[in-house]
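Undergrad: let's see this in three dimensions:
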Amino acid sequence: ENLLSNALKYRRPEARLRVEIGWQEQPRFHVFWVSDNGMGMPAEFQAKAFELFQRGPHAHHIAGTGAGLAIVRRIVENHHGMIRLESVPQQGTTVYFTLPKLELRGEETSALAA
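TA: Presented below is the predicted three-dimensional model:
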């Protein structure tokens with residue numbers, strides 16, 4: 001939810017909003033991404049974007065606490081995943097995260113099929 005909220009909050013007013021949500025299966029994990037064509041982030045901010053209470057230099061007029069990406073990172077890492085972002089100012093941001101595939105036991109597979 002936070003990744004979609006950020007795409008809406010940090011959109012560029014002069015550009016029509018574009019948000020892409022994607023998923024790709026890999027042998028041992030799933031890769032998910034949320035991409036937008038919003039304000040983007042300067043390179044010097046990207047390294048600390050996932051730290052608690054960090055807000056971008058152009059976010060002073062946008063409501064928020066700077067906790068969202070830190071919370072997303074903690075959720076992903078608590079599920080043994082990884083998270084990263086790519087961002088270009090005035091072009092947008094893509095946040096990628098991975099989650100490992102679950103190995104279901106026989107009784108769990110049977111319960112899902114029922």
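
Undergrad: what lies in contact with stretch 83-94?
TA: Outside stretch 83-94, the residues that touch it by Cβ atoms under 8 Å, 6 or more residues apart in numbering are 6-7, 10, 12, 18, 33-42, 46, 49-50, 72-73, 76-77, 95-98. C-beta: built from backbone N, CA, C; applies to glycine.

Undergrad: doesn't V72 belong to a helix?
TA: Yes. Counting by DSSP: H, G, I helix; E, B strand; the rest coil, V72 is part of a helix.

Undergrad: isn't it right up against L3?
TA: Yes. V72 is within contact range of L3, at 6.5 Å (criterion: Cβ atoms under 8 Å).

Undergrad: which ones among the contacts of stretch 83-94 map onto helices?
TA: N6, A7, Q46, V72, R73, V76, E77 (DSSP state H).

Undergrad: could you list which residues are in contact with the third one?
TA: It refers to Q46. Residues near Q46 by Cβ under 8 Å, 6+ apart: L85, S87.

Undergrad: same question, the last one
TA: With Cβ under 8 Å, 6+ apart as the criterion, the residues that contact E77 are I83.

Undergrad: distance of it from V19?
TA: From E77 across to V19, the span is 24 Å (Cβ to Cβ, to the nearest Å).

Undergrad: can you check G81 too?
TA: 21 Å.

Undergrad: now do A49
TA: Distance from A49 to V19, counting by Cβ to Cβ: 18 Å.

Undergrad: find the residue closest to the residue most central in space within the chain in space, skipping its chain neighbours.
TA: The centre of the chain sits closest to V95, judged by Cα atoms, centre = their mean, with a distance of 4.0 Å. The shortest distance from V95 to any non-neighbouring residue, by Cβ to Cβ, 6 or more residues apart in numbering, is to L85 (4.7 Å).
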